[in-house]
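Undergrad: Just to be clear, the model below is a prediction. Sequence and coordinates:
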Amino acid sequence: MSVLAVIPARGGSKRIPRKNVRPFAGRPILTWPVAAARESGLFDTVMVSTDDDEIAATARAAGAEVPFLRSPATADDHSTLLDVLAEVVAGYHDQGRSFDTVCCLLATAALVTPTALKHGHQLFRSGEFDSVFPVVRFGSPIQRALSRDAAGHTAMLAPEHYTSRSQDLEPAYHDAGQFYWMSAAACLARTPTFSGRAGSFVVDETEVQDIDTPTDWRLAELKFQMMGRTPDPGP
């Protein structure tokens with residue numbers, strides 16, 4: 001079975017400019033998931049899909065392939081991860097290379113570990129699931145979530161749970177935003193990750209951090225330290 005890691009990393013980040021090559025714990029953030037993928041020993045190929053020459057150079061220096069640049073059609077604000085994955089799998093096919101299994105690993109998943117990647121791969125290889133990804137449990141019951149308008153008026157989204165005890169409510173989870181295991185065929189078909197027989201495993205909230213704002217970035221750096229990870233001291 002031939003296994004491919006795809007790390008999407010376009011150059012046009014709006015909320016945190018140049019996010020994918022911004023220094024994190026001593027080196028460009030993109031290089032941490034590249035290192036985790038390579039250290040896992042799971043992949044025949046680790047590649048970065050980008051439209052940006054600087055990101056491509058950074059990826060290659062970290063040990064990833066960049067066999068072709070992303071097309072304009074998948075480099076704008078409206079393209080999806082599935083669009084990118086389909087383009088990558090088709091691009092390799094045009095070069096005479098094929099893969100059975102694909103792991104889409106996010107470029108800012110600096111906290112991802114080889115152990116988590118291996119766990120996800122093991123679940124996917126079981127044949128029980130069409131896709132596998134890590135999830136995090138919500139800290140508070142979503143059944144008691146609140147809505148709030150611009151003036152500050154607040155109401156329960158599910159008022160029938162006003163008197164429900166937290167311990168009596170079903171736990172809920174959200175996507176950890178680190179990686180997604182799936183077949184190459186699913187990539188080409190653009191099959192939604194959360195459809196069909198989607199599978200997951202739970203990771204602690206101290207081990208993941210979605211990064212969209214400067215505050216998110218600082219939280220990720222704190223969690224990196226909490227995990228006992230070693231920053232790169234640089235040259």
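TA: Cool, got the structure.
Undergrad: only C-alpha atoms for contact and neighbour calcs from this point on.
TA: Fine.
Undergrad: who's in contact with the closest residue to Phe99 other than its chain neighbours?
TA: In space, and not counting its chain neighbours, Phe99 is closest to Ser2: 4.9 Å by C-alpha to C-alpha, 6 or more residues apart in numbering. Counting by C-alpha atoms under 8 Å, 6 or more residues apart in numbering, Ser2 touches 43-44, 98-101.
Undergrad: What separation do you get for Pro67 and Arg97?
TA: The gap separating Pro67 from Arg97 is 11 Å, by C-alpha to C-alpha, to the nearest Å.
Undergrad: swap that for Gly12, please
TA: In terms of C-alpha to C-alpha, Gly12 sits 29 Å off from Arg97.
Undergrad: more neighbours, these two?
TA: Under the criterion of other C-alpha atoms under 10 Å, the comparison of Gly12 against Arg97 puts Gly12 first, with 17 against 11.
Undergrad: tally of neighbours for the residue nearest to the more buried one when sequence neighbours are not counted?
TA: Closest residue to Gly12 apart from its sequence neighbours, by C-alpha to C-alpha, 6+ apart: Arg18 at 7.1 Å. When counting by other C-alpha under 10 Å, one arrives at 16 neighbours for Arg18.
Undergrad: got a pLDDT number for Arg18?
TA: Listed pLDDT for Arg18 reads 92.
Undergrad: and what of Pro233?
TA: 66.
Undergrad: Check Lys14 too.
TA: pLDDT, Lys14: 75.
Undergrad: A strand includes Phe201, no?
TA: Yes - according to DSSP: H, G, I helix; E, B strand; the rest coil, Phe201 belongs to a strand.
Undergrad: what residues are up against the nearest residue in space to it that is not next to it in sequence?
TA: Setting aside the residues directly before and after it, Phe201 is nearest to Pro134 in space (C-alpha to C-alpha, 6+ apart), at 5.0 Å. Going by C-alpha under 8 Å, 6+ apart, Pro134 touches 120, 175-180, 200-203.
Undergrad: Please indicate which of those are buried?
TA: Buried members of these, scored by 16 or more other C-alpha atoms under 10 Å, are 120, 175-180, 200.
Undergrad: Among those, find me the one that's closest to Leu85.
TA: Minimum distance to Leu85 across the buried ones among the contacts of Pro134 is 11.1 Å, recorded for Tyr180 (C-alpha to C-alpha).
Undergrad: For the closest one, report the pLDDT, please.
TA: Tyr180 is assigned a predicted lDDT (pLDDT) of 98.
Undergrad: circling back: looking at the buried ones among the contacts of Pro134, which are in strands?
TA: When DSSP state E is applied, the buried ones among the contacts of Pro134 are split such that 175, 179-180, 200 fall in strands.
Undergrad: per-residue confidence at the residue in the chain sticking out farthest from the centre?
TA: What lies farthest from the middle of the chain is Thr163; by C-alpha atoms, centre = their mean that is 36.6 Å. On pLDDT, Thr163 comes in at 94.
Undergrad: Is it correct that it falls within a helix?
TA: No - the assignment for Thr163 (three-state DSSP) gives coil, which keeps it out of a helix.
Undergrad: Name the SS class of His93, please.
TA: His93 is classified as helix under three-state DSSP.
Undergrad: Return the backbone torsion pair for the residue nearest to Phe201.
TA: Per-residue torsions, Pro134: phi -80, psi 150 (degrees, to the nearest 10).
Undergrad: would you list the contacts of Ser2 in TSV and tack on distance to Ala145 and neighbour count?
TA: Listed next are these as TSV, based on distance: C-alpha to C-alpha, whole Å; neighbours: other C-alpha atoms under 10 Å:
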residue	distance to Ala145	neighbour count
Phe43	41	18
Asp44	44	13
Ser98	45	16
Phe99	43	17
Asp100	41	14
Thr101	38	21
